[in-house]
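J.: The following comprises the amino acid sequence and a computationally predicted model.
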Amino acid sequence: MLKSLSTAAALALGFGPADAQGPPELVIYTYESFVSEWGPGPAIAATFEETCGCTVRFVGAGDGAALLGRLRLEGARSDADIVLGLDTNLTAEATATGLFAPHGVAAPALDLPVAWDDPVFLPYDWGYFAFVYDSALLAAPPRSFEELIASDISIVIHDPRSSTPGLGLLMWVKTAYGDRALEIWEGLAPRIVTVTPGWSEAYGLFLNGEVDMALAYTTSPAYHLIAEEDDTKRAALFDEGHYLQIEVAGITAASDQPELARAFLDFMLTDGFQGQIPTTNWMYPARTPADGLPEGFATLAVPETWLLLSADAAREGRDAALDEWLRALAR
Amino acid sequence: MASRARTIGLGARLAGASALGLVAALTLGPLVALALRAEPGRGLGPAEWSALRFTLVQALVSATVSVALAVPAARALARRRFAGRALMVTLLGAPFLLPAIVAVFGLVAIWGRAGLVSGVLAPLGLGPLDIYGLPGVVLAHVFFNLPLVTRLLLQGWAAIPAEQFRLAAQLGFAPRDVLFQIEAPMLRAVLPGAFTLVFLLCMTSFAVALTLGGGPRATTIEVAIYQAIRFDFDLSRAAWLALIQFGLCTVVALTALRLAADAGFGDGFGAAQRRWDADRPGLRVLDAAALVALALFLGLPLGAVLVAGVPGLAALPASVWSAAALSLGVALASTALAVTLGLGLAVRIDAARARGRGRATEAFGLVGLAASPFVIGAGLFIVLHPIADPFALAAPVTAAVNAVMALPFVLRSLLPALTEARSVDGRLADSLGMRGVARFRLVVWPRLRRPAGFATGLAAALGMGDLGVIALFAPPDVATLPLLMQRLMAAYRMEAAAGAALVLVTLTMALFLVFDRWGRGRVAA
């Protein structure tokens, strides 16, 4: 409190940090859970600062669409050098704003299920969306959306209008079922206990036993396994395949530290960054570190097929898919 | 007229004017900023109109149910004395002060599909309960607001001079005569304002509506605004929606306040009330039932929050204490601001009331609640970003916004007491030529102290729980308690989050208690 008040006073008097002499500052906009003390942010910043001769400032600015909205509000005046935390459902729209510059990395070495050729954004982690259940309570999890529809299992999902995973589920159903998506959503409606604004409410309802399954990732059980030594949480594998979330970072066109920003993107694909991802962000690293993945990750369920819309297709199909979702669930 | 005008000191007039200015700057200002910055968007579609309909329906139902249930609850509390009564009155402050997400988990633990009630029903072959949808939204809103209205009504009852009940007893009034002759006029004075308050609170509901609403059919305008800003970046639609929400709230506030009548009970000697009329077995059973129902309805979800939080206390990170300190600092700053501004505004409105005016100002003081936190956040951001680093201003901006949000509660509490002081002792004080500080200390303060304590407590506690603005502004190393909770949950640490929630609730309650107790002095409320 006192600290920020005195900073405010300093700013009002015209002695902002911009005037301070010192190492250059790299400003990275990202989502809250990335920068919190349990996320990858603090360790990554410390490692990069050892070699870059700079200071890294993470700014938590809401997830996915909110990050982009924030950047659009600020426009060319933004302090951000890098935006980290968009996914492929948003990159086409982000590119179209003209607020991002090409990353310039020729052929990044990546361990993604898909080939990567986006000239503006580079991935830093990825995962499969999945429904997570408690194997002690649910003996026979559904093996497809259609089995889920035919069962009496209760689920909780996120609102695609306020949550990035929620939007991911929307795209999952659309990619798996195309023209039948409306029918699938109508079938799912009775199974959906409620639709939450975001991750916390949904996962909380699941852990409290209010629902049988919650929308999460195939890697979510790794948290319970590694941090809590609890192996009862599992991800249900669906025959239709699982939609991928690939999280990316990009350099802003208005960055006053483009060289530093590029150096950070190079660093992003090294072990100093990637090694933090599995046990802080609980996702697969975009490039597997030399030591491999932590032990618990080997026991995770791995889908046989993955699904993913191209960035352009995701952007074009979003509004129609959302209308479908609203129509099916608003009754 | 001239002498009336002089009774409002310069300081009060200044505070009143700044209050109006700050409310305008923080509610209408961001809206204008948003509208100016907006590019033409897609306008309002059927989804927005259905959100509007749902918002209105749930707010009307929630406010009506809260007010209707509060009357028997407050009446029972007003006319009974029992062990634990003071504790119960104090705990009435608790639900309202819970952050939405904590309350939702508490309610689900009792009323959910896997909740206590479903568990009791299961052996009988019934259930599980399915509250998701309009019932869940109303349930949560009643849980938040029923105790608030009960407290406001309790103050109304306490303001009735004890002599009136004595006289009623001497005249042989039956309970229904007491109801119609004494209690009904008080209710008519207090209920419209309380109704408006609850209605406005429910209009801008976000997390509750989304989590317990069961799906997109329970979309509120606030959700539509969120979608417009964050999802579609359609600022013009957000501004339109915010304007409609604002307009609707203003119309409802003005209508409800027009229905309110000044009670004007006349004076008493401030003796403790004794209720001869309520001394009947039937009424005693009725009141006992109302009190037990109230205690269970509020106590069980609160108990669930407590039970969930205790194991999480051990898992709390050290940062919880700096977050708590920041929360406390922001809360105290916003309290000082809210109470100063509220008192100034109340004095101004009361002076206008004496001339039969002031409704518009009063409504204006209330509609701070009708402003969408998302619009405030985005609008302030647009205004501040070119001139200063919004992150550096996180704490003071949050304090200012919280103060405007708390202003309606301060006004609601202080106004009736001020009006009463004027109508009862005003002429005597005028004839004695009492002005300024002496008048305030001797005439106004004795009546103001109790509601002032309550209002200060509420304002402080509200400042603790607010997340909306700090979430947009706060850099990662500046976390208030609600934000820390959110971060813990996003990092899968639900147990620690429940512990943080418990710390938040305890601190909030303690803060509320300190002020409320101070206001009540040694007299039981």
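T.: That came in fine, so what should we check first?

J.: C-alpha only now, for contacts and for neighbours.
T.: Fine.

J.: Buried by neighbour count: which residues of the lengthiest helix in chain B qualify?
T.: What stands out as the longest helix in chain B, according to DSSP state H, is helix B:394-431. Buried residues in helix B:394-431, counted by 16 or more other CA atoms under 10 Å in any protein chain shown: B:394-424, B:426, B:429.

J.: again, but for stretch A:313-330
T.: Buried residues in stretch A:313-330 (16+ other CA under 10 Å): A:314, A:315, A:318, A:321, A:322, A:324, A:325, A:326, A:327, A:328, A:329, A:330.

J.: between those residues, which is nearest chain B?
T.: Taking CA to the nearest CA as the measure, chain B sits nearest to residue A:330 out of the buried residues of stretch A:313-330, at 4.3 Å.

J.: From residue A:137, how far off is the closest residue to chain B within chain A?
T.: Residue of chain A nearest chain B, by CA to the nearest CA: residue A:194 (3.8 Å). Applying CA to CA, to the nearest Å, the value for residue A:194 to residue A:137 is 20 Å.

J.: Name the residues of the stretch 101-250 of chain A found near chain B, please.
T.: Applying CA under 8 Å from any CA of the partner chain, we find that the stretch 101-250 of chain A lies next to chain B at A:159, A:161-162, A:192-197, A:199-201, A:203-205, A:208-211, A:223.

J.: Give me the distance from the longest helix of chain B to the chain's centre.
T.: Centre-to-centre, helix B:394-431 and its host chain are 14 Å apart (CA atoms, centre = their mean, to the nearest Å).

J.: list the helices and strands that helix packs on?
T.: Counting contacts by 3 or more CA pairs under 8 Å, 6 or more residues apart in numbering or on different chains; DSSP states H and E, helix B:394-431 is packed against helix A:2-12, helix B:10-37, helix B:184-203, helix B:319-354, helix B:359-366, helix B:445-465, helix B:468-473.

J.: Would you mind telling me which of the ones you listed is nearest residue A:305?
T.: Nearest to residue A:305, of all these, is helix B:468-473, at 37.6 Å by CA to CA.

J.: and that closest one, what's its mean pLDDT?
T.: Across helix B:468-473, the average pLDDT comes to 56.

J.: quick revisit: mark which of the residues of the stretch 101-250 of chain A next to chain B are part of helices, please.
T.: A:199, A:200, A:201, A:203, A:204, A:205, A:223.

J.: got a pLDDT number for residue B:298?
T.: pLDDT, residue B:298: 92.

J.: try residue B:48
T.: In this model, residue B:48 carries a pLDDT of 84.

J.: and it, that's in a strand?
T.: No. Looking at residue B:48 with DSSP: H, G, I helix; E, B strand; the rest coil, it is helix, so not inside a strand.

J.: pretty sure it contacts residue B:223?
T.: No. In this structure residue B:48 lies outside contact range of residue B:223 using CA atoms under 8 Å: 9.7 Å.

J.: Look at these two and report which has more neighbours.
T.: residue B:223 (26 against 19; other CA atoms under 10 Å in any protein chain shown).

J.: is it true that the more buried one touches residue B:206?
T.: Yes. Contact criterion CA under 8 Å: residue B:223 and residue B:206 qualify, at 6.1 Å.

J.: Quick check: beta-bridge partners of the residue of chain A closest to chain B?
T.: residue A:156 (DSSP bridges).

J.: Now look at stretch A:27-42 and say if it contacts chain B.
T.: Yes. On the criterion CA under 8 Å from any CA, stretch A:27-42 is in touch with chain B at A:32, A:33, A:35, A:36, A:38, A:39.

J.: returning to what we had before: now the helices and strands packed on helix B:394-431 in CSV, with mean neighbour count?
T.: Written out in CSV, the entries for the helices and strands packed on helix B:394-431 read as follows (neighbours: other CA atoms under 10 Å in any protein chain shown):
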stretch, mean neighbour count
helix A:2-12, 15
helix B:10-37, 19
helix B:184-203, 23
helix B:319-354, 23
helix B:359-366, 21
helix B:445-465, 25
helix B:468-473, 22
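
J.: Break chain A down into its structural domains.
T.: Listed by automatic domain parsing, the domain ranges of chain A are A:11-126+A:246-294, A:128-244+A:298-329.

J.: Start and end of the last one, how far apart?
T.: Counting by CA to CA, the length from the leading to the trailing residue of domain A:128-244+A:298-329 is 24 Å.

J.: So which bits of the stretch 51-200 of chain B are right by chain A?
T.: Residues of the stretch 51-200 of chain B lying near chain A (CA under 8 Å from any CA): B:101, B:105, B:108, B:109, B:112, B:113, B:114, B:115, B:132.

J.: again, 7 Å this time
T.: B:112, B:113, B:114, B:132 (CA under 7 Å from any CA of the partner chain).

J.: can you pull the contacts of the last one?
T.: Listed by CA atoms under 7 Å, 6 or more residues apart in numbering or on different chains, the contact set of residue B:132 reads A:193, A:194, B:212, B:213, B:214.

J.: what kind of secondary structure is it in?
T.: Quick answer, by three-state DSSP: residue B:132 is coil.

J.: and it, what pLDDT?
T.: 90.

J.: Likewise for the second one?
T.: Residue B:113 carries a pLDDT value of 89.

J.: residues contacting it?
T.: Applying CA under 7 Å, 6+ apart to residue B:113 gives the contacts A:210, B:128, B:129, B:130.

J.: Give the helix, strand or coil label for the spatially closest residue to residue B:485 that is not a sequence neighbour.
T.: The shortest distance from residue B:485 to any residue other than its chain neighbours is 4.9 Å, reached at residue B:497 (CA to CA, 6 or more residues apart in numbering or on different chains). Taken by three-state DSSP, the conformation at residue B:497 corresponds to helix.

J.: Equivalent analysis for residue A:66, please.
T.: helix.

J.: number of nearby residues for it?
T.: For residue A:66, using other CA under 10 Å, the count is 25.

J.: Touching, it and residue B:228? I think so.
T.: No. Residue A:66 is beyond contact range of residue B:228, at 10.7 Å (criterion: CA atoms under 7 Å).

J.: can you map out the strands along the stretch 1-150 of chain A?
T.: A:25-30, A:55-60, A:82-87, A:100-101, A:121-134 (DSSP state E, counting those that start in this stretch).

J.: Out of these, which is closest to residue B:201?
T.: strand A:55-60 (28.0 Å).

J.: Tell me how far that closest one lies from the chain's centre.
T.: That offset, for strand A:55-60, works out to 18 Å (CA atoms, centre = their mean).

J.: packing partners for it?
T.: Applying 3 or more CA pairs under 7 Å, 6 or more residues apart in numbering or on different chains; DSSP states H and E, we find strand A:55-60 packed against strand A:25-30, helix A:32-35, helix A:41-52.

J.: Alpha carbons of the first one, as PDB, please.
T.: Once side chains and other backbone atoms are set aside, the C-alpha atoms of strand A:25-30 remain, and they are given as PDB (Å, rounded to 0.1, in the frame of the first residue of the first chain):
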ATOM      1  CA  GLU A  25      13.200  -3.300 -18.700                       C
ATOM      2  CA  LEU A  26      11.300  -6.000 -20.500                       C
ATOM      3  CA  VAL A  27       7.600  -5.800 -19.900                       C
ATOM      4  CA  ILE A  28       5.600  -9.000 -20.400                       C
ATOM      5  CA  TYR A  29       1.700  -9.000 -20.300                       C
ATOM      6  CA  THR A  30       0.400 -12.400 -19.300                       C
END
